[in-house]
Structures are given as C-alpha cells and as structure tokens.
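Asks: predicted model and sequence below, questions to follow.
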Amino acid sequence: MAQYSAQLDDVFVALADPTRRAVVRRLGHAPTSVGDLAREFPMTLPSFMKHVRTLESSGLIRTVKHGRVRTCVLNRERLSLVDDWLADQRRIWEERTDRLEEFVTDERNEP
C-alpha cells in the first residue's frame, strides 16, 4: 500500500504542472519527439527537459532514442493509477451521500 501511495503521489506531482499536463494530453494523440513537443512551449529546451524528466521519473512517459531523435511515448497504464484512485473516491463519496440521503429521508428522524 505504501508503494502504491508513493507511485500515486509521483503521478499527481507530475500532473500538478500545466506544462506537463499539456505534454501528457499531446502524447495521448501520438508519440512525439522532444523537439516537436518543446516547440509548443515558450521556454528553453533545458527547461522543457526538466518537465520531460519529471514525467519520465513518475512513469507517465518513457523516451526512446532513435539516432539523434528522442521520442516521448505516453504510458497509459500509469494513468490507470489515477483512474483507480478516482474510482475509489467516487465510490466512497457516493456511499456517504447515500447514507446522508437515507438519514434525511428516514421518517424516524422526524421530531
């Protein structure tokens, strides 16, 4: 459980930045070279590479080098951590609201 929590934390930290979210969104369409990705953002290549390294260390993307071109590929399986966590949260809150509704509509709670 601690390892799952640490992995989830890494993913949320990586997704906390709008630039990194935009990169993930872009890679959701197709693998893209670092150079093509970097051109979409108003920053230097070394600054952009920090974002790439953060995404890579979180496991959200992997990079593959072919000759002189480094290509980023989205790891969709890693996004399932967020999906699973959100599904758990949704279930918890639905159960809570169901209990609240039951309490509010229960005639025994009437004065």
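Replies: Thanks, I have it.

Asks: helix, strand, or coil at V64?
Replies: State at V64, reduced to three classes by DSSP: H, G, I helix; E, B strand; the rest coil: strand.

Asks: does the closest residue to it other than its chain neighbours have beta-bridge partners, and which?
Replies: Nearest-residue entry for V64: T71, 5.1 Å, with adjacent residues in sequence omitted and distances by CB to CB, 6 or more residues apart in numbering. (Glycine included, C-beta is placed from N, CA and C.) Legend: beta-bridge partners of T71 under DSSP bridges are S33, V64.

Asks: any idea how far P31 is from T71?
Replies: Relative to P31, T71 is positioned 5 Å away (criterion: CB to CB, to the nearest Å).

Asks: the two: who's more crowded?
Replies: Each of T71 and P31 had its neighbours counted (other CB atoms under 10 Å), and the higher figure belongs to T71 (19 against 13).

Asks: per-residue pLDDT of the more buried one, please?
Replies: Note for T71: predicted pLDDT of 97.

Asks: that one: what's it in contact with?
Replies: Each residue near T71 by CB atoms under 8 Å, 6 or more residues apart in numbering is listed here: 31-34, 63-65.

Asks: now for T71 and P31: what residues contact both?
Replies: Shared contacts of T71 and P31, defined by CB under 8 Å, 6+ apart, are found at V64.

Asks: for the top helix by length along the chain, name the packing helices and strands.
Replies: Ranked by residue count, the top helix of the chain under DSSP state H comes out as helix 76-105. Taking 3 or more CB pairs under 8 Å, 6 or more residues apart in numbering; DSSP states H and E as contact, the helices and strands that helix 76-105 lies on are helix 2-15.
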